[in-house]
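Q: Predicted model and sequence follow; I will ask about them next.
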Amino acid sequence: MAAGSALPLDGILVVELGHSVAAPYAALVLAELGADVVKVEKPGHGDDARRWGPPFHEGTSTVFKALNRNKRSIVADLRDAEDIAKLKALIGRADVVIQNLRPGQVDELGLGPAAMCAANPRLVYATIGAFGAAGPLKDEPGYDPLMQAFGGMMSVTGEQGRPPVRVGTSPIDMGAGMWVVTGVLSALLKRATSGCGGEVVTSLYETALGWMLYHVASEAVTGEEPGRHGSGTAMIAPYQAFPTADGDLVVAAGNDSLFRRVCEAIGLPELATDPRYASNADRVRNRGVLIETLSERLRTKTRAEWAAALGAVGVPTAPVQGMGELAAHPQTQALGILRGEGVPGGVRTIGLPLSFDGVRPGRDAPAPALGEGNPDYLGKPAKAG
């Protein structure tokens, strides 16, 4: 994609019947790729995520602003026959619908995949459910932390002997959004030859299960739960964050050669010949005493000093950075991935983590005001709340 050329999805109309994180994130990715995304919101306050805060920016939550940039907002009352008719007409000329309303709601409204794909055979209709389309829980609601628990992620996150910990972002919601993007793009590619759209379905629970693939395999072989290993991992040691004199540093010694280099670089060469640590399997079995020994030594210098010493011998390391640090880091700056800074109504956030022919999609419109697109897409102003 040469600089200045159209984005890959230029001309594609997407209707987002979404809220919270999962469907909005999927639609965000499509918007960043050039699609015209129309976000349908309820009268009054719109998407609940608009009020998820503090922090707020110009009266709207920063979460909402990050997830909904480069979209247009329309307000439609799903209990109003006229608004439903206008939505059907909009979907009738759309290329894609993405929805994550409660199970069964779109069908009750006449906006489900069967009805809409019959009216618009070229439509790609994507649904993000909670527990999936089948099974005893198929009609139950679901949210990211519930799926981190039910899908096993919390069982392998945190420290042994301590309470379960939620991953500090929304990997289930955003992961489901990414699966929808994969499905939508695949369906659009198929449509280019067949002329027909179709239905794409995923769920939060299926997404959660997908992240657990090698943990499930491990338990199947050993009969033992993988357990929690803090910043580390069950099958490699040392491969985790260590405290230093001024912060935490992740050291990733993924093989025997790297382990020997760690031992030399930090001044503990005797560990490299200790039979307890001869192989990775030995180090995993004797993880407790090894980590304690390494931690004691690494606390004696700063993370920058240790990163320099370990980097000099080819050991991968990384400081545990906060949001301000990562935004200011020269590597982040060089990638040109930050978006929204200096844009009226925008907040600093992250753009798409991919490029085309060396060019990263760079749309920079801020998240929309509630109902700003009503005159263009529904032919009338938004109703008052």
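A: Cool, got the structure. Since the structure is predicted, the reported quantities are computational estimates derived from the model, not experimental observations.
Q: Report the beta-bridge partner residues of Arg72.
A: Beta-bridge partners for Arg72, by DSSP bridges, are Val38.
Q: Roughly how far does it sit from Pro366?
A: 12 Å (CB to CB, to the nearest Å). Heads up, the C-betas are built off the backbone N, CA and C, glycines and all.
Q: Just give the number of residues close to Arg276.
A: Other residues near Arg276 number 11, with proximity taken as other CB atoms under 10 Å.
Q: Over to Ala308?
A: By the criterion of other CB under 10 Å, Ala308 has 13 neighbours.
Q: And for Gly232?
A: Neighbours of Gly232 (other CB under 10 Å): 20.
Q: my guess is Leu290 contacts Ala237, does it?
A: Yes: look at Leu290 against Ala237 with CB atoms under 8 Å: they come within range, at 6.3 Å.
Q: secondary structure element for Gly267?
A: Gly267 is part of no helix or strand when elements are defined by DSSP states H and E.
Q: which residues of the stretch 151-300 of the chain fall in strands?
A: Taking DSSP state E, counting those that start in this stretch, the strands of the stretch 151-300 of the chain run over residues 198-203, 239-243, 248-252.
Q: okay, those strands in a markdown table with mean pLDDT, distance to Thr349 and mean neighbour count next?
A: A markdown table is the format used below for the strands of the stretch 151-300 of the chain (pLDDT from 0 to 100; distance: least, CB to CB, whole Å; neighbours: other CB atoms under 10 Å):
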| stretch | mean pLDDT | distance to Thr349 | mean neighbour count |
| --- | --- | --- | --- |
| strand 198-203 | 98 | 24 | 21 |
| strand 239-243 | 97 | 26 | 20 |
| strand 248-252 | 98 | 24 | 19 |
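Q: Minimum distance to Val343: which of the ones you listed has it?
A: strand 198-203 (31.5 Å; CB to CB).
Q: which stretch among the strands of the stretch 151-300 of the chain comes nearest Gly151?
A: Judging those by CB to CB, what sits closest to Gly151 is strand 198-203, at 10.3 Å.
Q: hey, C-alpha coordinates of stretch 271-288 in PDB?
A: Extracted C-alpha coordinates of stretch 271-288, given in PDB (Å, rounded to 0.1, in the frame of the first residue of the first chain):
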ATOM      1  CA  LEU A 271      25.400 -21.800  38.900                       C
ATOM      2  CA  ALA A 272      26.200 -22.800  35.400                       C
ATOM      3  CA  THR A 273      27.900 -26.000  36.600                       C
ATOM      4  CA  ASP A 274      25.600 -26.800  39.400                       C
ATOM      5  CA  PRO A 275      23.900 -30.100  38.600                       C
ATOM      6  CA  ARG A 276      20.600 -28.800  39.900                       C
ATOM      7  CA  TYR A 277      20.500 -26.400  36.900                       C
ATOM      8  CA  ALA A 278      22.200 -28.500  34.200                       C
ATOM      9  CA  SER A 279      19.200 -28.400  31.900                       C
ATOM     10  CA  ASN A 280      16.000 -26.500  31.500                       C
ATOM     11  CA  ALA A 281      14.100 -29.400  33.000                       C
ATOM     12  CA  ASP A 282      16.400 -29.400  36.000                       C
ATOM     13  CA  ARG A 283      16.000 -25.600  36.400                       C
ATOM     14  CA  VAL A 284      12.200 -25.900  36.300                       C
ATOM     15  CA  ARG A 285      12.200 -28.700  38.900                       C
ATOM     16  CA  ASN A 286      14.500 -26.500  41.100                       C
ATOM     17  CA  ARG A 287      12.900 -23.200  40.200                       C
ATOM     18  CA  GLY A 288      12.300 -22.000  43.800                       C
END
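Q: which parts of that stretch are buried?
A: When neighbours are counted by 16 or more other CB atoms under 10 Å, the buried residues of stretch 271-288 are found to be Leu271, Asp274, Tyr277, Asn280, Asp282, Arg283, Val284, Arg287.
Q: Mark which of the residues you listed are part of helices, please.
A: Leu271, Asn280, Asp282, Arg283, Val284, Arg287 (DSSP state H).
Q: from what I can see the last one touches Met235, true?
A: This means Arg287. No: under the criterion of CB under 8 Å, Arg287 is not in contact with Met235, lying 10.6 Å apart.
Q: joint contacts of these two?
A: In terms of CB atoms under 8 Å, 6 or more residues apart in numbering, Arg287 and Met235 are not both contacted by any residue.
Q: so where is this protein shaky, pLDDT-wise?
A: 1-5, 383-385 (pLDDT under 70).
Q: Quickly list the domain ranges of it.
A: Following automatic domain parsing, the chain resolves into domains at 13-211+335-377, 239-243+248-319.
Q: From one end of the shortest one to the other, what's the distance?
A: Taking CA to CA, to the nearest Å, the span from the opening residue of domain 239-243+248-319 to its closing residue is 13 Å.
Q: before we move on, the earlier item: any chance of the strands of the stretch 151-300 of the chain in JSON lines with distance to Val165 as columns?
A: Below are the strands of the stretch 151-300 of the chain laid out as JSON lines (distance: least, CB to CB, whole Å):
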{"stretch": "strand 198-203", "distance to Val165": "23"}
{"stretch": "strand 239-243", "distance to Val165": "14"}
{"stretch": "strand 248-252", "distance to Val165": "16"}
